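In: Prediction below, plus the sequence it came from.
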Amino acid sequence: MGFFSDLAREDYDRTYSDWELVRRLATYFRRHGRKLAVTLLATLIVAGAAASSPVLVSWGVGLLQEDPQTSLLHLIALALLGVGAVVWMANWARRRAITRVIGDVILDLRKEAFSATASHDMSFYDEHASGKVVSRITSDTQEFAQVTILLAEITAQMVQVIILIVVLFQIDVRLTLLVLAMLPFLILASLGFRRWARSVIRRAMRAVANVNASIKEAVTGITVAKNFRQEEAIYREFDSVNRQSYSVNIRRGFVLALVFPTLNALMYVGTAIVIFVGGLSAAQGAIAVGAWYLFLRSLDRFWFPVLGLSSFWSQIQGGLSAAERVFALIDAESAVVQTASLQVPKLSGEIRFADIAFRYRPDEPVLEAFNLTIEPGEDLALVGHTGAGKSSIVKLVTRFYEFQGGQILVDGLDIRSLDLRDYRRQIGLVPQNPFLFSGTVLENIRYARPEATEAEIGDLAHRIGSGDWMEALPEGLQSEVGERGRLLSMGQRQLVSLMRVLIQRPAIFVLDEATASVDPFTESQIQQALQLILADTTSILIAHRLSTVRASDRIIVLRNGSIIEEGDHDRLLASGGHYAELYNTYFRHQTPDYRPTLEPEDEDLGFVEVRVPLKTDIPPSNNSP
Amino acid sequence: MTVAEFLLPQAKQRSRLSVNRWILAHTLDHLWIVLITLVGAFGNAALATAVPLFLGQAFELVIDGQDVAQGLARIAILIVVTQVVRSVLQLGRNFGADLLGQRLERDIREELYLSLLGKSMTFHNLQPVGDTMARATNDVREIGLMYNPGFNLVIGSANFMLLPLIVAPSIYPTLIVIPVLFTLSYAVAVWAYLRELRPVAEEARKSFGTMNAHLSEAIDGIEVVKGHAQEDQEVERFTSNAASYRAAFVRQGDIEARFLPLLLLGLAEAGAFLQSVILFQQGILELGDVVAFMGLIQLFGFPTFVSLFAYSQVSLGMAGARRILDLINQRTELDRNPEGHAAPIRGEIEFRGVSFSYGEGSRALKELSFRLRPGQTMAIVGQTGSGKTSLAKLINRIYEVGDGQVLVDGVDVREWDMASLRAQISIIEQDLFLFSRSVADNIAFGKRGATQEEIERAAIEAQAHEFISNFAHGYETVVGERGVTLSGGQRQRIALARAFLTDPRILILDDSTSSIDSATEDEIQRAIFRAAEGRTTVIITHRLSQIRWADLILVLRRGQIAALGTHEELIEASPAYQQIFSQVGD
């Protein structure tokens, strides 16, 4: 497990046994058999060659003592040259092969993770922050890859160590055991450091996060600070967090700076022992001088892989849990299940809810025995307080969520039996937050119909406010909208999002009207675009604007998942029921003649200008959004 | 250089002419740490060199066979002692470098922060927050990493290159040949390696960024993707991004696979062995010398492996430093004019032929003239980008006019003492920003030391008292990024409470991002209405009722006045104005 893996847990996470994980990962590697074989072979060559270099040098040193003039010595020098070249070439082949294997495996994992994610239903996205999903697809796959590279590195070093141990045992068992006896001390020391480092690193990261938050606050709130001339005050605060972060971080720095010197000192105590004990044996003739030298030269090559190994296990675990997170994302089950995938004919747009039961959570029913029929071509406005069930109705029509009882019929066809993509192509959806993709306005408009011509789109654009809105854009339809449409105003984004639906010519139009206020000029163009869509489609509108409710054929007033009133605006208002209350809360202040009530007790003051006479005993709204 | 809206008197001045000088000046502020680091680096390498020399002695001893045990014990103890001392020096190098990195991070962060506070709003509006944040966080961190592990390893390994060059000839003069050849070819190989690697590594980083950005966009917009049945196209797009990352990843791997210094190390070892064998056969070297020399060559292993990343770390750090210095060095036009006009404001605002532009390029405002009498309310209406916000920000000189004059009480704002002017003008922004602290502190932001009573009175006026009292900790509730999240309407009322507390003579209110379906709309409107009473008010609004009841309405269209007058005048004269009022009527 990584340091912080427990923080990133999601409810779709599941635990796979290590065996299961490894077997599943193996399927990704299987088709790279040849490259893996190259990697393995090259790894063995690197390890063998690297281990042979100290053996050769020691042999040479031995020869120098015993038989200094032998030409074998020149051959050894040549062999060393060969070893250097072989190590380098084998290492080259190994890196090339493993890089390609890993590049491909990540690519496959990412592709699969994203396709799986794209097919999850909307309830999945409600519950899981998009940033976390993204990091599983990009970062966790990357982390897994890094561990794989590490695994290859460590394997090479371990093979090298094993070869050396075998050679050393053959030379002198007692001295080899002495060398091995030192290992536990080093491992203990390095484990101790890891634990200590973990806690200081965590504290340091938190301190840095604080400083960054403080800077971010200053940068975003700079206008406020300047307006009130409070620069010095926020500077003082920053200064203290900055200093605090410094003092926490130098503690971290000290612990980390201590690691290598300590391990080094320990290592050289070991070297000193081998010099002393081995030197005595050599002097007594128990081992050859060359063999003694080999022991000394092998020490370095010994310690480092072993030290690496002590952190190796936790990294492998980190890599496996990264893989586990990716698989959990791939395997998350979809709640929306289709019973068939019938081709959808051109729809006329009749929608019938028959005894629908729907809930987000088992204990919180939203709709129960809900019945509603929308005629082809009808424009239906849904109004009600937050939580009344307006957006649930829309989400069911778009089949973003699964319902628990009843049937939804579109042109008499069971919505569960349709090919979903086919069906959704005939639905024009404008979500409350008009989302644009980076690219040009034109690209966004033709998002759902890439084959739409520029002329067709230009024509359409001119039918809205005589194309005025395009002139406000720096380069007309070719203007870049920026990431998530950031370069356009809220009103312009709404317009583009409506045009995207217009060009799609859907049979059913679904609008969750934006609640942001928009300048009155753009607003009137949005209303024109809306009129164009309403004219040709069956529409379901979650209405927040007075003009939209007025434009609808029928208003459905919802409360706690039930229809309590229906009719047109004037009739409903005159009847003085729940709609009149909603009107007072949400719509009244949109009229030009509205003035706020100046004293809370003068309730009737604000009603003076209201067009339709209202009863003054309407209870004030006690709902808040 | 010292022109700024905010300065600390004790702030230190450093050379900012070039990034090298700037980093050097910062480094020299901590001279004694630099010395410790350098001494540590040299001492560490020197004592590391001692090991092969001791080893050589041990060999001589064993071959001579005189007093072996005693001699070996002496050498073993010497090795332990020198290596313990070496550890202390190594710690000095490691910790010194880290300390330098941390200090520079701290100091540069502070310098940047101060410079950001000193810059004008023109600057801050043009500079994206994300970009500034990236520099203040990632780039500052890169500078820290440039010292440790960057400089730490570069300097440490340079000493490991240096010492064999010094020590080898002391064994025998010609033994310097192999170390010299290695050092030279190493320098060339590393240089070539970095030159080849840099653009490819950059490309890999970029393509990862692109992949990530597109992916998070697709997932954020998943409702639209699904609503338009475009899942397959998105998967295809992602796959192609992921594939180009894979290509860059492989290219980078290939360059790293060819890392030449590794080959050079092997060649040096073979060469060193050959040379010492020949010298030994000629009777020039003893066996102990051969052992010592081979040990010296092994020291080159450290610089070889370190160069895989240490140099890149340094160049990343310098690039980060360059970006930060660029930001600090951007000029800022306004100054505080502390000797200027200071007086209580009555509240008259006049624009005379005012033009304004953001830097070079297209003009945001053209030839605006109007006059607002004390106590009047003016509504500004126009499309996004028509210049409404810029107009408002000229009044308290957050922006500086290009041509013409903005006068407050008949005095050009440039003649005013900025502190006096801003203290009496309140702007309530469209991005209502609250600091992560208590509600009470946020309300009292403009008037430090306000009593609880004053704060509550202001909150009551702003219709905020009720919802604040409903919080578990009342006025002590922490809000903002690290506290309770407030709705737009609630934040707006807290900002209004701020204004009630400071009682400005001129109130500028940007009401254009309010949402239309707030259930507390009546309270918000009441607060705004109250706030406008008794002071000159400029309100940027989309609400028809606020426009309708204003004393003066200014319709802006692409930076120019399209219409100016009262509701009655405009409904007669302006077709555009008529159109916006027709949409709601029958």
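Out: Yes, it's here. Numbers count the residues shown, from 1 in each chain, chains lettered A, B, ... in the order given.
In: Show me the residue of chain A that gets nearest to chain B, please.
Out: A:G84 (1.9 Å; Cβ to the nearest Cβ). (C-beta placed from N, C-alpha, C; glycine too.)
In: taking the mean pLDDT, what do you get for the helix or strand encompassing that residue?
Out: Applying DSSP states H and E as the criterion places A:G84 in helix A:72-119. Averaging pLDDT along helix A:72-119 yields 94.
In: Hmm, A:Y12 is touching A:L329, no?
Out: Yes. Using Cβ atoms under 8 Å, A:Y12 makes contact with A:L329 at a distance of 7.3 Å.
In: higher neighbour count, these two?
Out: It is A:L329, of A:Y12 and A:L329, that has more neighbours when counted by other Cβ atoms under 10 Å in any protein chain shown, with 24 against 15.
In: For the more buried one, which residues are in contact?
Out: A:L329 is in contact with A:Y12, A:A113, A:A116, A:T117, A:V133, A:R136, A:I137, counting by Cβ atoms under 8 Å, 6 or more residues apart in numbering or on different chains.
In: Contacts only, for the closest residue to the last one other than its chain neighbours.
Out: Read it as A:I137. Take A:I137 and drop its neighbours on the chain: the residue closest to it by Cβ to Cβ, 6 or more residues apart in numbering or on different chains is A:A113, 4.7 Å away. Residues near A:A113 by Cβ under 8 Å, 6+ apart: A:R136, A:I137, A:T141, A:V326, A:L329, A:I330.
In: how close does A:A113 get to B:T239?
Out: 11 Å (Cβ to Cβ, to the nearest Å).
In: shared neighbours, those two?
Out: With Cβ under 8 Å, 6+ apart as the test, A:A113 and B:T239 reach no residue in common.
In: hang on, isn't B:A270 packed against A:L81?
Out: Yes. B:A270 is within contact range of A:L81, at 3.9 Å (criterion: Cβ under 8 Å).
In: So those two - more neighbours on which side?
Out: B:A270 (25 against 17).
In: just checking, the more buried one is part of a helix?
Out: Yes. B:A270: assigned to a helix according to DSSP: H, G, I helix; E, B strand; the rest coil.
In: Provide a list of residues in contact with it.
Out: Counting by Cβ under 8 Å, 6+ apart, B:A270 has contacts A:A77, A:L78, A:L80, A:L81, A:V83, A:G84.
In: The fifth one against B:G266, yeah?
Out: Yes. In this structure, A:V83 is within contact of B:G266 by Cβ under 8 Å, at 6.6 Å.
In: Tell me the residues that contact both of those two, please.
Out: Residues touching both A:V83 and B:G266 by Cβ under 8 Å, 6+ apart: A:S53.
In: one step back: by neighbours, which of the contacts of A:A113 wins?
Out: Greatest neighbour count in the contacts of A:A113, by other Cβ under 10 Å, goes to A:I137: 28 neighbours.
In: Quickly note the distance from that residue to B:E217.
Out: Counting by Cβ to Cβ - A:I137 and B:E217 are separated by 13 Å.
In: Equivalent analysis for B:F300, please.
Out: Counting by Cβ to Cβ, the gap from B:F300 to B:E217 is 49 Å.
In: Let me have the contacts of A:A113 in JSON lines, adding distance to A:P506, pLDDT and secondary structure as columns.
Out: Shown next, in JSON lines, are the contacts of A:A113 (distance: Cβ to Cβ, whole Å; pLDDT from 0 to 100; DSSP: H, G, I helix; E, B strand; the rest coil):
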{"residue": "A:R136", "distance to A:P506": "33", "pLDDT": "89", "secondary structure": "helix"}
{"residue": "A:I137", "distance to A:P506": "30", "pLDDT": "92", "secondary structure": "helix"}
{"residue": "A:T141", "distance to A:P506": "37", "pLDDT": "91", "secondary structure": "helix"}
{"residue": "A:V326", "distance to A:P506": "36", "pLDDT": "92", "secondary structure": "helix"}
{"residue": "A:L329", "distance to A:P506": "31", "pLDDT": "91", "secondary structure": "helix"}
{"residue": "A:I330", "distance to A:P506": "32", "pLDDT": "92", "secondary structure": "helix"}
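In: can I get those in JSON lines with distance to A:I563?
Out: As requested, the contacts of A:A113 are exported to JSON lines (distance: Cβ to Cβ, whole Å):
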{"residue": "A:R136", "distance to A:I563": "41"}
{"residue": "A:I137", "distance to A:I563": "42"}
{"residue": "A:T141", "distance to A:I563": "48"}
{"residue": "A:V326", "distance to A:I563": "45"}
{"residue": "A:L329", "distance to A:I563": "39"}
{"residue": "A:I330", "distance to A:I563": "41"}
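In: could you dump the contacts of A:L329 to CSV with distance to A:S214?
Out: Converted to CSV, the contacts of A:L329 look like this (distance: Cβ to Cβ, whole Å):
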residue, distance to A:S214
A:Y12, 35
A:A113, 36
A:A116, 39
A:T117, 35
A:V133, 29
A:R136, 30
A:I137, 31
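In: for those, which one is nearest A:F521?
Out: Within these, the smallest distance to A:F521 is 38.5 Å, found for A:V133 (Cβ to Cβ).
In: Do any residues in the helix or strand hosting the closest one lie close to chain B?
Out: Per DSSP H and E: A:V133 is located in helix A:130-135. Yes. Under the criterion of Cβ under 8 Å from any Cβ of the partner chain, chain B is reached by helix A:130-135 at A:S130, A:G131, A:V133, A:V134.
In: Do I have it right that the third one meets B:I222?
Out: In this case it means A:V133. No. Contact criterion Cβ under 8 Å: A:V133 and B:I222 do not qualify, at 9.3 Å.
In: which regions of the chain lie under the pLDDT threshold?
Out: Looking at chain A here, since you left the chain open. Along chain A, the model assigns pLDDT under 70 to residues A:1-9, A:307-311, A:597-625.
In: The intended chain is chain B.
Out: Counting by pLDDT under 70, chain B shows low-confidence ranges at B:1-5, B:9-11, B:332-335, B:359-362, B:430-431, B:481-482, B:583-586.
In: so where do the strands sit in it?
Out: B:349-357, B:363-372, B:377-382, B:403-408, B:411-412, B:425-428, B:506-510, B:536-540, B:552-557, B:560-565 (DSSP state E).
In: export those strands to CSV and tack on mean neighbour count and distance to chain A?
Out: Shown next, in CSV, are the strands of chain B (neighbours: other Cβ atoms under 10 Å in any protein chain shown; distance: least, Cβ to the nearest Cβ, whole Å):
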stretch, mean neighbour count, distance to chain A
strand B:349-357, 19, 15
strand B:363-372, 18, 13
strand B:377-382, 24, 6
strand B:403-408, 20, 15
strand B:411-412, 16, 19
strand B:425-428, 26, 5
strand B:506-510, 25, 9
strand B:536-540, 25, 9
strand B:552-557, 22, 8
strand B:560-565, 17, 10
